[in-house]
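Enquirer: Sequence and predicted structure below; questions after.
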Amino acid sequence: MAMQYKILTHHPLVPSSSSPSSSHHHLLPLRRHNHRTPAISAVETTLTHRQPPPKTSPEKAEIFKSLQGWAKEQMLPLMKPVDECWQPHDFLPDPTQPSDVFLEQVMELRERTVGLPDEYFVVLVGDMVTEDAIPTYQTMLNTLDGVRDETGMDPGPWATWIRAWTAEENRHGDLLRSYMYLSGRVDMLMVERTVQYLIRAGMDSGTDKNGYMGFVYTSFQERATTISHGNTARLAKLGGDPTLARVCGTIAADEKRHEAAYQRVVEMLLEVDPAGSVVAIADMMRRRITMPAGLMHDGRDNRLFAHYSAVAQRLGVYTAGDYADILEYLIRRRRLEKVEGLTADAKEAQEFVCELPHRIRKLPERAEEQAKKKKPNMAQFSWIFNRGVLV
Ligand SMILES: [Fe+2]
Ligand SMILES: [Fe+2]
């Protein structure tokens, strides 16, 4: 039966609102649904499409099982051996040095961050909190049929990848956290509470246990984090902290390598099952690629995520334009317009995806027009001792 459901293609950083027929994708407690940043809610549009069918299917799980040899050859080499990996230690003052040397290094770090504005730290904290919810993302990958780690130390290549990926990602939050702790610029108690709230809340990426959709999500998401860490690196350099720039740039490079692995998976799926893959891409895009930390909360600000994402948008760290750019890049890279041998459903999906960037592009323009009419808004962030930042 054809059903109508609401599609939100507004700012990717902003959690989706609910509609009765998209209840599978509730990302936020109801209390937050009506509190979206006005400038961003202006880029929301409602499109109607056929309700996608249920996503779990045994055939898809079988495809991942049949690709185990491929994953071993094509995915696992993209993981670096631990001894060749950077560690947070490489970027931080060295506590094994004599006290005066260590303290001197700490003082240098603190002096370097003096020129960075509060709003920069708001974005950096938001990014760090997002990284620190790594247990949630490992859980998410382990929901995917045919891919999940069945025992906790499953020796298969998919499960091996999930654990190795988690272990690499785990360093990101660690490094950002230690750096900010030593800078003295943020209220660590509130940051730590936010992390705890976020891990408690979890997330639903809308992938429905479907590995196709899971890898469509991760390939998009890793590219989004490459862009956002790349931008915090650029801003750190401009603000006078080349070491922090190197920190963010090094994390961005990890994200890029992870993205490369996830792109390979989606490209492989397009080869072995073009119709199923195109439909999965469309379904994922209809649900939108939501940022994983949509449920962040500090116990105070019920609009914390919206406020954080508004600052990220304003500083150009991650914007609605980036969302459209990523999608356009993926369409081009996967030659989605040229995929042949599709079923009627898949053709419809192909058309939807290929037109989507154009539709999304129109939305920021509308938001900008609306924003011009509004007075600037301030939001207080507990992370920076309740000081206000323009949102
Ligand atoms: Fe990361
Ligand atoms: Fe990542």
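Expert: Nice, I can see it. Ligands and ions are numbered 1, 2, ... in the order given.
Enquirer: shaky segments in the chain?
Expert: 1-56, 364 (pLDDT under 70).
Enquirer: near ligand 1, which residues of it show up?
Expert: 131, 169, 172 (Cβ under 5 Å from the ion). All C-beta atoms are positioned from the backbone trio N, CA, C, and that covers glycine.
Enquirer: Relative to R300, which of these is nearest.
Expert: In terms of Cβ to Cβ, no member of the residues of the chain next to ligand 1 lies closer to R300 than E131, at 21.6 Å.
Enquirer: just to confirm, which helix or strand has that closest one in it?
Expert: Element membership for E131 (DSSP states H and E) is helix 118-132.
Enquirer: Equivalent analysis for N170, please.
Expert: helix 157-183.
Enquirer: buried stuff in that helix?
Expert: Neighbour counts over helix 157-183 (16 or more other Cβ atoms under 10 Å) mark 157-166, 168-180, 182-183 as buried.
Enquirer: Now the helix holding E131 - C-alpha only, CSV.
Expert: Taking C-alpha atoms only, helix 118-132 is exported to CSV below (Å, rounded to 0.1, in the frame of the first residue of the first chain):
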residue,chain,number,x,y,z
ASP,A,118,34.6,30.8,22.9
GLU,A,119,32.5,29.9,19.9
TYR,A,120,35.4,27.8,18.5
PHE,A,121,35.4,25.8,21.8
VAL,A,122,31.7,25.3,21.6
VAL,A,123,32.2,23.6,18.2
LEU,A,124,35.2,21.7,19.4
VAL,A,125,33.4,20.4,22.5
GLY,A,126,30.4,19.3,20.4
ASP,A,127,32.8,17.5,18.1
MET,A,128,34.6,15.9,21.0
VAL,A,129,31.4,14.8,22.7
THR,A,130,30.2,13.3,19.4
GLU,A,131,33.5,11.3,19.1
ASP,A,132,33.3,10.2,22.7
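Enquirer: what angle do the next helix or strand after that helix and helix 157-183 make?
Expert: Next along the chain after helix 118-132, taking DSSP H and E as the criterion, comes helix 134-141. Here helix 134-141 runs at an angle of 160 degrees relative to helix 157-183 (axes from the mean of the first three to the mean of the last three Cα atoms, to 10 degrees).
Enquirer: So what touches helix 134-141?
Expert: By Cβ atoms under 8 Å, 6 or more residues apart in numbering, the residues outside helix 134-141 that reach it are 147-148, 162-163, 165-166, 169-170, 172-173, 198-199, 202-203, 205, 207, 214, 218, 292.
Enquirer: Recalculate using a threshold of 6 Å.
Expert: The set of residues external to helix 134-141 that reach it, using Cβ atoms under 6 Å, 6 or more residues apart in numbering, is 162, 166, 169-170, 199, 202-203, 205.
Enquirer: tell me the two of those residues that are most distant?
Expert: N170 and S205 (19.0 Å).
Enquirer: Return the member of the residues of the chain next to ligand 1 nearest to A312.
Expert: Nearest member of the residues of the chain next to ligand 1 to A312, counting by Cβ to Cβ, is E131, at 14.1 Å.
Enquirer: Isn't the closest one up against D174?
Expert: No: contact status for E131 versus D174: not in contact, 8.5 Å apart, counting by Cβ atoms under 6 Å.
Enquirer: Turn the residues of the chain next to ligand 1 into a markdown table, including distance to S277.
Expert: A markdown table is the format used below for the residues of the chain next to ligand 1 (distance: Cβ to Cβ, whole Å):
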| residue | distance to S277 |
| --- | --- |
| E131 | 29 |
| E169 | 25 |
| H172 | 29 |
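Enquirer: Going by secondary structure, the residue of the stretch 251-391 of the chain at minimum distance from ligand 2 is in what exactly?
Expert: Nearest to ligand 2, among the residues of the stretch 251-391 of the chain, is E255, at 4.6 Å (Cβ to the ion). If you go by DSSP H and E, E255 is part of helix 242-272.
Enquirer: Next secondary structure after that helix?
Expert: Next along from helix 242-272, by DSSP H and E: helix 274-287.
Enquirer: what helices or strands is that following helix leaning on?
Expert: helix 211-238, helix 344-373 (3 or more Cβ pairs under 6 Å, 6 or more residues apart in numbering; DSSP states H and E).
Enquirer: Helix 274-287 and the longest one, what's the angle between them?
Expert: For helix 344-373 against helix 274-287, the angle by the same axes, to 10 degrees is 20 degrees.
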